[in-house]
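**Q** sequence-free structure coming up:
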């Protein structure tokens with residue numbers, strides 16, 4: 001049985017925004033697997049639709065940050081594994097926090113249960129100007 005898991009992104013300066021909905025095969029998942037599945041889904045969507053901006057968990061190389069995403073200097077396809085590795089590093093370095101039903105998860109190996117009401121928030125920290 002697959003469970004639909006709605007994932008939201010939030011920064012320390014913005015409201016929560018829907019990021020992606022994942023269809024997870026089991027009722028338990030690790031933080032690492034969640035990050036990888038989320039990034040794989042957003043990269044596959046980007047590569048198939050080829051929009052002007054990439055709106056994802058982490059900034060791809062050779063892009064500039066814009067108000068609504070990341071703009072490539074030259075159009076290209078993304079490698080989901082490279083993006084997932086960057087997202088995992090950002091999580092390990094404290095640039096991204098993961099909140100599951102208002103509880104922060106700190107370890108990549110930590111597992112959590114999923115229901116139809118589970119709320120997942122990726123909190124992306126944004127450096128303060130001048131600080």
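**A** Good, I have the coordinates. In this text, all values refer to a predicted model and were calculated from it rather than measured experimentally. Numbering: from 1, shown residues only.
**Q** helix/strand/coil for the closest residue to residue 83 other than its chain neighbours?
**A** Counting by C-beta to C-beta, 6 or more residues apart in numbering, residue 39 is the residue found nearest to residue 83 once chain neighbours are left out, at 4.9 Å. For the C-beta atoms, the positions are set from N, CA and C on the backbone; glycine is no exception. Using DSSP: H, G, I helix; E, B strand; the rest coil, the structure places residue 39 in helix.
**Q** Helices of this protein, start to end?
**A** Here the chain has its helices, by DSSP state H, at 31-49, 80-92.
**Q** Residue 106 is nearest to which of those?
**A** Closest approach to residue 106 among these (C-beta to C-beta): helix 31-49, 8.4 Å.
**Q** residues contacting residue 6?
**A** Neighbour list for residue 6: 18, 21, 119-120 [criterion: C-beta atoms under 8 Å, 6 or more residues apart in numbering].
**Q** likewise residue 5?
**A** Shown in contact with residue 5 (C-beta under 8 Å, 6+ apart): 21-24, 114, 118, 120.
**Q** Kindly give a single ChimeraX line that selects the buried subset of those.
**A** In ChimeraX, a selection of the buried entries from the contacts of residue 5 looks like this (16 or more other C-beta atoms under 10 Å):
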select :22,24,114,118,120
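**Q** now, which of the contacts of residue 5 lie within strands?
**A** Taking DSSP state E, the ones among the contacts of residue 5 that sit in strands are 21-24, 120.
**Q** Can you lay out those as CSV showing distance to residue 14?
**A** CSV is the format used below for those (distance: C-beta to C-beta, whole Å):
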residue, distance to residue 14
21, 20
22, 22
23, 26
24, 26
120, 17
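**Q** Which of the residues you listed sits closest to residue 50?
**A** residue 21 (20.7 Å).
**Q** For the closest one, give its distance to residue 6.
**A** Residue 21 is 5 Å from residue 6, where distance means C-beta to C-beta, to the nearest Å.
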